[in-house]
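Enquirer: I'd like to go over a predicted model; first the sequence, then the structure.
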Amino acid sequence: MQQLLRDRGVTKRRNCHHCLSMKRTAMLPSSVKQISPAHLAAATSAAASTCKDHGRDECHEKTMNEAEGRQGRRAEFHALHKAYVSAETSDLHCKPQIAVVTGQSGIGKSFFVDRSLNIICSHDGYDSADSVRNFVVSGKCNEMNQNQPYSCIIDALSMLCRQLCQLDLLLESIRQEILSALNKEGRVLLNFVPAMRDVIGVDHEEVLELKGRERQIRLERVVRRFIGVVASYCPLVVKLDDLQWADGATLDFIRSLATSTKLRGLLLVCIYRENDADAKRNMLDKYFLQLKGDKACITQIRIQPLASMRGLIESSGLEIDAEGAEILAKFLQKHSNGNTFFAVRLLDYILFRHYVQHPSSHLISELERISIPPTLEDLLAIEIDALPPLTKDALIWASCIGYYFDDFIFEKAIQLSCIDDQVSSLSPFVRQRCMSEAITLAMDMGLVEKVGS
C-alpha cells in the first residue's frame with residue numbers, strides 16, 4: 001500500500017509543517033483578516049524556500065512570531081500552534097492533542113481559533129485535487145438542540161466527508177484501509193453519518209442491534225477507527241464550539257477520543273464559555289481536569305480581553321501614522337473592552353460607514369462625532385439592518401436551518417424572502433446571480449463565512 005501511494009504521489013505523512021502555504025488568507029472577508037495577505041505570501045514564500053529537509057529555520061520562525069504578534073494573542077497562539085505541531089509529529093501510538101479554549105461570552109474565542117488555524121494550517125485543508133496537507137473541520141453545539149446527541153460530531157464528520165470527496169486520489173488510495181479498519185461495521189458509520197456513503201459506499205451488511213451503553217461503545221470504536229485512518233495520512237483538526245451546550249453522549253465521545261492511544265495526527269479543539277450556565281461550566285472544568293488525570297494530552301488556553309489594540313490597527317492595512325494609530329487603538333480599547341471581534345467590527349464600522357480618513361490631528365474630533373453602539377449585539381443589529389432586503393431576508397430564512405447551510409438551502413431561502421414574487425419571476429440564471437451577490441455581500445461583511453465545500 002505504501003509503495004502504491006508513493007508511486008501516485010501521495011505520502012502517508014508530511015512531517016514538515018513549516019512549508020504550509022498561507023495564500024488562502026486572501027480569500028477571507030476583509031473585516032476578519034488579521035494579517036496582510038501580501039505580507040503573508042511574501043514571508044511564507046521566503047520561509048518555504050529556506051525550509052530544507054523538513055527542518056526548522058530562523059526565517060520561518062520569524063514569520064510565525066510576527067504572525068502571532070499581529071494576531072494580538074502571542075502566548076495563546078503559541079500554545080495552539082504547539083498543540084498542532086505535537087499532533088502532527090506524534091508517534092504512531094500517541095494520544096491525540098486536546099486544546100481547551102475558554103473565555104467569557106463574546107470575548108473572541110472562536111475568532112481567535114479560526115484566525116489562528118488559518119495561519120497554522122490551511123483554510124480549507126488542501127492545495128489541489130491531488131495534494132493534501134491537513135483537514136480542518138468543525139461542529140457547533142446548539143442551545144436549542146441539546147436533545148439531539150452527537151449533533152456537533154455529525155456536522156464535523158460530514159464536513160470531513162465533503163473534503164475527502166474532493167481529493168479523489170487520496171480517497172481512492174485509503175478507502176480500502178478505511179473499510180479494513182471498520183471490520184465489517186461500516187453500516188454503523190453509515191447510519192451515524194449519512195454523508196459517509198460517498199466515502200465508504202452503501203453496500204454494507206447489517207450489524208447486530210445493540211442497546212444502551214454497548215451500542216454507544218461500538219459507535220465510538222467505529223468512529224475512532226475511521227478518524228485514525230484519516231489522521232494517519234495528514235493532520236486532522238476538529239473544532240467543537242459551544243461545548244457548554246453539549247449533550248452527555250458528545251462528552252462521552254470526546255473522552256473516548258482523548259484517551260485513545262491510536263489517534264496519531266488528531267488535534268481536537270474544544271471551546272466553551274465561562275459565564276454561560278455556571279453549573280455546566282463547572283462540570284466542564286471538572287470534566288477536562290479528569291481527562292488530564294487520565295493522561296490525556298490537554299493544552300489549556302484562556303482568552304482574556306486584549307490589553308492593546310495596536311496590533312489590530314497595524315494588521316488592518318490602514319495608512320495612518322503612529323500618533324493616529326495610538327489614538328485609534330485607545331478608542332477601540334475603550335469601546336470594545338478588549339473584545340477582539342467587537343473591535344474588528346467597530347473598526348470596519350468607523351472606517352467604512354463613516355469614512356474616517358483624516359490625519360491624526362483631526363482624528364479625535366472625528367471619532368467623537370460618531371455615535372458608537374454600546375454593545376456588540378447593537379453593532380451587529382445596525383449592520384444587518386443596513387443590508388439590502390434580499391440579503392437580509394434570505395439570511396433570516398437560512399438561519400432557521402441552523403448554523404450551517406449550503407447553496408441549495410440559501411437559494412430556497414431567497415425564494416421564500418419577502419420579495420419572492422420578484423425573484424421567482426426571474427430566469428434561473430438571474431436568480432442564481434442574485435443568490436451569489438446576496439451571499440457575497442454577507443461574506444464581505446463577515447456575517448457568513450465559508451466553512452466547507
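Expert: Good, I have the coordinates.

Enquirer: mind listing the strands for the stretch 251-400 of the chain?
Expert: For the stretch 251-400 of the chain, the strands defined by DSSP state E, counting those that start in this stretch cover 266-273, 297-303.

Enquirer: Who does the shortest one pair with, and is each partner parallel or antiparallel?
Expert: In this case it means strand 297-303. Sheet pairing here is set by DSSP bridges, and for strand 297-303 it gives strand 97-103 (parallel).

Enquirer: so who does the residue nearest to residue 161 when sequence neighbours are not counted touch?
Expert: The shortest distance from residue 161 to any residue that is not its chain neighbour, by C-beta to C-beta, 6 or more residues apart in numbering, is 4.1 Å, and that residue is residue 195. Glycine gets a C-beta too; all of them are placed from N, C-alpha and C. When the contact criterion is C-beta atoms under 8 Å, 6 or more residues apart in numbering, the partners of residue 195 are 157-158, 161-162.

Enquirer: pLDDT below threshold where in the chain?
Expert: 1-72, 122-132, 276-281, 352-361, 401-432, 435, 446, 450-453 (pLDDT under 70).

Enquirer: Give the next helix or strand downstream of the helix ranked longest in it.
Expert: Using DSSP state H to assign secondary structure, the helix with the most residues in the chain is helix 212-233. Note on helix 212-233: by DSSP states H and E, the next helix or strand toward the C-terminus is strand 236-241.

Enquirer: circling back to that earlier point, between strand 236-241 and the longest helix of the chain, find me the angle.
Expert: Here helix 212-233 runs at an angle of 130 degrees relative to strand 236-241 (axes from the mean of the first three to the mean of the last three C-alpha atoms, to 10 degrees).

Enquirer: For helix 212-233, list every residue counted as buried.
Expert: Along helix 212-233, these residues count as buried under the neighbour rule (16 or more other C-beta atoms under 10 Å): 216, 219-220, 222-233.

Enquirer: quick revisit: of the contacts of residue 195, just the buried ones, ChimeraX syntax please.
Expert: Buried residues among the contacts of residue 195 (16+ other C-beta under 10 Å), as a ChimeraX selection:
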select :157,158,161
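
Enquirer: Can I get the strands of the stretch 251-400 of the chain in CSV including distance to residue 290 and mean neighbour count?
Expert: Conversion of those to CSV gives the following (distance: least, C-beta to C-beta, whole Å; neighbours: other C-beta atoms under 10 Å):
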stretch, distance to residue 290, mean neighbour count
strand 266-273, 14, 25
strand 297-303, 10, 19
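
Enquirer: Using JSON lines, please lay out those together with distance to residue 339.
Expert: Putting the strands of the stretch 251-400 of the chain into JSON lines (distance: least, C-beta to C-beta, whole Å) gives the following:
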{"stretch": "strand 266-273", "distance to residue 339": "13"}
{"stretch": "strand 297-303", "distance to residue 339": "10"}
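
Enquirer: among those, which is nearest residue 438?
Expert: Taking C-beta to C-beta, strand 266-273 is the member of the strands of the stretch 251-400 of the chain nearest to residue 438, at 29.0 Å.

Enquirer: partners of the closest one, with directions?
Expert: In the sheet containing strand 266-273, its partner strands are strand 97-103 (parallel), strand 236-241 (parallel), by DSSP bridges.

Enquirer: Figure out which of these is closest to residue 366.
Expert: Going through these one by one, with C-beta to C-beta as the measure, strand 97-103 comes closest at 32.3 Å.

Enquirer: got a list of contacts for the closest one?
Expert: Contact partners of strand 97-103, identified using C-beta under 8 Å, 6+ apart, comprise 79-80, 83-84, 86-87, 90, 109, 112-113, 258, 266-274, 288, 291, 296-304.

Enquirer: let's see 7 Å
Expert: 80, 83, 86-87, 109, 113, 258, 267-272, 274, 288, 296-304 (C-beta atoms under 7 Å, 6 or more residues apart in numbering).

Enquirer: and of the buried residues of helix 212-233, the nearest to residue 200?
Expert: Closest approach to residue 200 among the buried residues of helix 212-233 (C-beta to C-beta): residue 226, at 8.3 Å.

Enquirer: tell me the helices in the stretch 151-300 of the chain, going along the chain?
Expert: According to DSSP state H, counting those that start in this stretch, the stretch 151-300 of the chain carries its helices in the segments 151-165, 168-182, 186-192, 197-200, 212-233, 248-258, 278-293.

Enquirer: Save those as TSV, and put in distance to residue 346 too.
Expert: What follows is the helices of the stretch 151-300 of the chain, written out as TSV (distance: least, C-beta to C-beta, whole Å):
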stretch	distance to residue 346
helix 151-165	30
helix 168-182	42
helix 186-192	42
helix 197-200	42
helix 212-233	39
helix 248-258	34
helix 278-293	28
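
Enquirer: so of the ones you listed, which one's packed in deepest?
Expert: helix 151-165 (a mean of 21; mean count of other C-beta atoms under 10 Å).

Enquirer: between the helices of the stretch 151-300 of the chain, which one is nearest to residue 120?
Expert: helix 212-233 (16.0 Å).

Enquirer: Packing partners of that closest one?
Expert: In terms of contact count using 3 or more C-beta pairs under 7 Å, 6 or more residues apart in numbering; DSSP states H and E, helix 212-233 is assigned the packing partners helix 168-182, helix 186-192, helix 248-258.

Enquirer: export those helices to TSV and tack on distance to residue 135?
Expert: Listed next are the helices and strands packed on helix 212-233 as TSV, based on distance: least, C-beta to C-beta, whole Å:
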stretch	distance to residue 135
helix 168-182	10
helix 186-192	17
helix 248-258	15
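
Enquirer: For residue 339, which of those is the nearest?
Expert: For these, proximity to residue 339 was assessed by C-beta to C-beta; helix 248-258 is nearest, at 27.4 Å.

Enquirer: elements contacting the closest one?
Expert: helix 151-165, helix 212-233, strand 266-273, helix 278-293.

Enquirer: In this structure residue 310 contacts residue 324, no?
Expert: No. Applying C-beta atoms under 7 Å as the test, residue 310 and residue 324 come out as separate, 11.6 Å apart.

Enquirer: just to revisit the earlier point, a markdown table for the helices and strands packed on helix 248-258, including distance to residue 250?
Expert: Supplementary listing: the helices and strands packed on helix 248-258 in a markdown table, determined by distance: least, C-beta to C-beta, whole Å:
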| stretch | distance to residue 250 |
| --- | --- |
| helix 151-165 | 6 |
| helix 212-233 | 11 |
| strand 266-273 | 10 |
| helix 278-293 | 11 |
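
Enquirer: wait, which of these is closest to residue 121?
Expert: Between residue 121 and the helices and strands packed on helix 248-258, the shortest gap by C-beta to C-beta is with strand 266-273, which sits at 9.2 Å.

Enquirer: Can you dump the C-alpha atoms of that closest one in CSV for me?
Expert: Once non-C-alpha atoms are left out, strand 266-273 reads as follows in CSV (Å, rounded to 0.1, in the frame of the first residue of the first chain):
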residue,chain,number,x,y,z
LEU,A,266,-5.5,14.4,15.6
LEU,A,267,-6.0,17.8,17.2
LEU,A,268,-9.3,18.3,19.0
VAL,A,269,-10.1,22.0,19.8
CYS,A,270,-12.8,22.3,22.4
ILE,A,271,-14.4,25.7,23.0
TYR,A,272,-16.8,26.7,25.8
ARG,A,273,-17.9,29.9,27.6
